[in-house]
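Novice: Next comes the sequence, and after it the predicted model I'd like to discuss.
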Amino acid sequence: MTMSAGWYLRRLSRMRPGEVGGRAGDAVRRRRWRSARPVCPAVTDARFTAVLPAGAIAAVPPDAAKRLVAEADRLMYGHVEYFGVVRDDLTDPDWWYDPKTGRRAPFGYAFGVPYRDEEAVGDIKQIWELSRHQYLTVLAAAYAVTGDDRYAERVAEHLRSWWAANPPLRGVHWISGIELGIRLLSWVWIRRLLDGWPGAAALFEDNTVAVQQIWHHQRWLAAFPSRGSSANNHVIAEAAGQFAAACAFGWYPTSARWRADALRSLERHLRANTFPSGLNRELATEYHGLVLELGLAAVAEADAAGVPVPASVRLVLLRMTDALAAVVDNRLRPPRQGDADDGHGLVVDGAGTDRWASLLATGDAVFGRLAWWPQVPGADVRTPLLAALIKPTAPSVSRPARRPAHFADAGMTILRGPQEIWCRCDGGPHGFLSIAAHAHADALSVEVRHDGVDVLADPGTYCYHGQPAWRQYFRSTLGHNTLRLDGTDQSVSGGPFLWTRHARSRVLAADPSDTGTATWCAEHDGYQGSVHRRRVELSAADQEVKVVDEVRGPRRAVQLTFHLGPAIAADLVGNRASLTWIRDGEGRAAVLDLPAELEWRAHRGESDPPLGWYSAGFGRKEPSTTLVGMGFADGAAQSGTFTTVLGFRGQEGA
């Protein structure tokens, strides 16, 4: 996908003057660097001292170590899967190759590569992911756990290959700051985990190429920070990576300044990206996880290096951890809200390790669990390693005495009922900053789960670049469990990561009681001339979720949409859908009574246009059933109210 002149104008309109000036300065610097690349200063007597404390590796649980080694062995055989694409070329990877399209990115000055153009470059996410080097942190961790030199030697071989193929400022891997930041964090951990290997120093601090690569990464990040309307999770990855490298690889004359600048940026943007309640302001759950991982990794580097960290940094991470513990369902699954691209901050675990359980385990080790936190089964590698570096600090603020359910600043409310019924209601801001890059047009949408199974599901994200019709569908109003008027989205899209008009929502009432009937009510103004109001009630006695939609305003065409999870089979007869699924070998069932005022149809796996899909992860999609009711709403004639009831009572064992 290439960006049109219209897109550039729309993007410019979302910037403030200071951001425009900063970007103009960046453009001048890029042109200057094309002909006069910065030069790394000479480095002598470089040493690596940010090692793991004694006993850290021994604290890794055996089950976690077993999963890690199994994953490392798959990587050693060359097998890996990224975003639904399986590749078996990892023994000798081509760093610029996209296995999805078969294309290879062109070589040239980094800032001249048209990375958004899939026809010219390939799928940039596929190319970038391998070069985050998080598979190498897995191999390095396997070496640390087993002492098997094969893992360390493969890491060294691949790093030397990458450094040779990607000289500073040449090619696609020098375009995006988030990629450089995460790669630096990976290199810090690779060096740490290989510390017992005799070749570690020769690979890093005694290697001129490595020393220059590390310097150029940090110089790049210092020169081109994400700015203004783009200062979302990207700037946190940039600051965390730069800070980690400046702490662990503090070998340069500018290391102290880079370290101080990166810490200031990290502290500022962690606060800016996080609501006081602890939820991430992008309202995209996977980015909550990414930012929390990056923040914890940065604090680990600070404590390992003896660098004081502002109390506000730990406070934000504490609140993020408590918020995560509050919103997960009984299977430790958080909401599926906003964009998700499977991005991680630090990977040292094998397949089958639950990301959210791992984060909560780390939170327990670092901050201490609260009585209302859910139990965290299983074990992981990352928690004991981070906990060995991070100095436990008693929180200086009060923490929630009871499990929070209504996050007023984020507009998120979690209703819970018997049989592990979980319902998320969305009445929050459209997204973060003026472009709301990772937002979806999902105002007043709901998710409903039963014992962790998606019944009314958020379909996910699926893709970013190269497939505009699919990108538009998965972030559209039609792609969520909410109501659409006149076939339009609630918010206006100006591009794949740009919204030019944001629907404004407000929560009118929220009583998330877990006894009796929990209620929530909100409205939004996304449809000019009309107001959509929604009320949700979860009755513990009746074991049902009632959704009442009201449209106030002139007569307009209505589409009310409910997306079912991929495990749900649906039999739609008239306005009643009988739902069945299997959970842990047992049959389950529910009944969905839909508004009779609308004409209902079931859609599944349709591609032109897209409808009836669920994306469990980036780059993957599977057919699922979507129920769409069509008709008209006329507020003046008092015919604009539609009631939906999802009932679970008496359906066990069906």
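Specialist: Received it, and whenever you're ready, just let me know what you need.
Novice: Give me the below-cutoff pLDDT ranges for the chain.
Specialist: Along the chain, the parts satisfying pLDDT under 70 run over 1-2, 635-638, 650-654.
Novice: Could you measure from the residue most central in space within the chain over to Leu296?
Specialist: Centroid check for the chain by C-alpha atoms, centre = their mean gives Glu286 as the closest residue, at 2.5 Å. Distance from Glu286 to Leu296, counting by C-beta to C-beta, to the nearest Å: 16 Å. Just so you know, the C-beta spots here come from the backbone N, C-alpha and C atoms, and that holds for glycine as well.
Novice: coming back round to it: in this model Pro335 seems to touch the residue nearest to the centre of the chain, though I could be wrong.
Specialist: No: between Glu286 and Pro335 there is no contact, the gap being 10.2 Å when judged by C-beta atoms under 8 Å.
Novice: what sits against Trp174?
Specialist: 110, 166, 168, 180, 220 (C-beta atoms under 8 Å, 6 or more residues apart in numbering).
Novice: Name the nearest residue to the fourth one, ignoring sequence neighbours.
Specialist: Closest residue in space to Leu180, ignoring its immediate chain neighbours: His217 at 5.0 Å, by C-beta to C-beta, 6 or more residues apart in numbering.
Novice: go on, the second one?
Specialist: Take Asn166 and drop its neighbours on the chain: the residue closest to it by C-beta to C-beta, 6+ apart is His173, 5.0 Å away.
Novice: who's in contact with the one you found?
Specialist: His173 makes contact with 95, 110, 128, 131, 166, 179, 183, according to C-beta under 8 Å, 6+ apart.
Novice: switch to 7 Å and redo it
Specialist: 131, 166, 179 (C-beta atoms under 7 Å, 6 or more residues apart in numbering).
Novice: And Ala323, by the same measure?
Specialist: 277-279.
Novice: Just the buried positions in the one helix or strand it maps to, please.
Specialist: Taking DSSP states H and E as the definition, Ala323 sits inside helix 311-327. Applying a neighbour-count criterion of 16 or more other C-beta atoms under 10 Å, one finds 313-327 buried in helix 311-327.
Novice: Grab the CA positions of that helix and hand them over as CSV.
Specialist: What follows is helix 311-327, C-alpha atoms only, in CSV (Å, rounded to 0.1, in the frame of the first residue of the first chain):
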residue,chain,number,x,y,z
ALA,A,311,9.0,6.5,41.5
SER,A,312,6.4,7.3,38.9
VAL,A,313,7.8,4.6,36.5
ARG,A,314,7.2,1.8,39.0
LEU,A,315,3.9,3.3,40.0
VAL,A,316,2.6,3.2,36.4
LEU,A,317,3.8,-0.4,36.0
LEU,A,318,2.1,-1.4,39.3
ARG,A,319,-1.2,0.2,38.2
MET,A,320,-0.9,-1.5,34.8
THR,A,321,-0.4,-4.9,36.5
ASP,A,322,-3.3,-4.4,38.9
ALA,A,323,-5.5,-3.3,36.0
LEU,A,324,-4.6,-6.4,34.0
ALA,A,325,-5.4,-8.6,37.0
ALA,A,326,-8.8,-6.9,37.2
VAL,A,327,-10.0,-7.3,33.6
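Novice: quick one: that helix to chain centroid distance?
Specialist: 16 Å (C-alpha atoms, centre = their mean, to the nearest Å).
Novice: same question, stretch 586-603
Specialist: Mean-position distance between stretch 586-603 and its chain equals 31 Å (C-alpha atoms, centre = their mean).
Novice: Using TSV, please lay out the contacts of Trp174 together with neighbour count and secondary structure.
Specialist: What follows is those, written out as TSV (neighbours: other C-beta atoms under 10 Å; DSSP: H, G, I helix; E, B strand; the rest coil):
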residue	neighbour count	secondary structure
Ala110	20	helix
Asn166	20	coil
Pro168	20	coil
Leu180	25	helix
Trp220	22	helix
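Novice: Show me which pair in those residues is furthest apart.
Specialist: Greatest spacing in the contacts of Trp174, by C-beta to C-beta: Asn166 and Trp220 (12.2 Å).
Novice: how many other residues sit next to Gly585?
Specialist: 5 (other C-beta atoms under 10 Å).
Novice: Could you check how far it is from Ser624?
Specialist: Counting by C-beta to C-beta, the gap from Gly585 to Ser624 is 21 Å.
Novice: Give the PyMOL command for selecting the buried subset of the contacts of Ala323.
Specialist: Filtering these down to the buried ones (16+ other C-beta under 10 Å) takes a single PyMOL command:
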select buried, resi 277+278+279
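Novice: Can I get the contacts of Ala323 in CSV including secondary structure?
Specialist: CSV is the format used below for the contacts of Ala323 (DSSP: H, G, I helix; E, B strand; the rest coil):
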residue, secondary structure
Ser277, coil
Gly278, coil
Leu279, coil
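Novice: before we move on, back to that, and which of the contacts of His173 is nearest Leu444?
Specialist: Glu179 (35.4 Å).
Novice: So what's the residue count around the residue nearest to Thr643 when sequence neighbours are not counted?
Specialist: What sits nearest to Thr643 in space, not counting adjacent residues and going by C-beta to C-beta, 6+ apart, is Val548, at 5.1 Å. Residues lying near Val548 (other C-beta under 10 Å) number 16.
Novice: returning to what we had before: which is the next helix or strand following the helix holding Ala323?
Specialist: With DSSP H and E, the next secondary element past helix 311-327 is helix 355-367.
Novice: so what secondary structure elements neighbour that following helix?
Specialist: Contact analysis of helix 355-367 by 3 or more C-beta pairs under 7 Å, 6 or more residues apart in numbering; DSSP states H and E lists helix 285-305, helix 311-327, helix 382-389 as its packing neighbours.
Novice: quick one, which of these is nearest to Asp454?
Specialist: Here helix 285-305 is closest among those (C-beta to C-beta), at 13.7 Å.
Novice: Save the helices and strands packed on helix 355-367 as CSV, and put in distance to Gln543 too.
Specialist: Converted to CSV, these look like this (distance: least, C-beta to C-beta, whole Å):
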stretch, distance to Gln543
helix 285-305, 26
helix 311-327, 22
helix 382-389, 36
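Novice: So for Tyr8, which of those helices sits nearest?
Specialist: Shortest separation from Tyr8 across the helices and strands packed on helix 355-367 is recorded for helix 285-305, at 25.2 Å, computed as C-beta to C-beta.
Novice: Next, the angle from that closest one to helix 311-327.
Specialist: Inter-element angle recorded for helix 285-305 and helix 311-327: 140 degrees (by axes from the mean of the first three to the mean of the last three C-alpha atoms, to 10 degrees).
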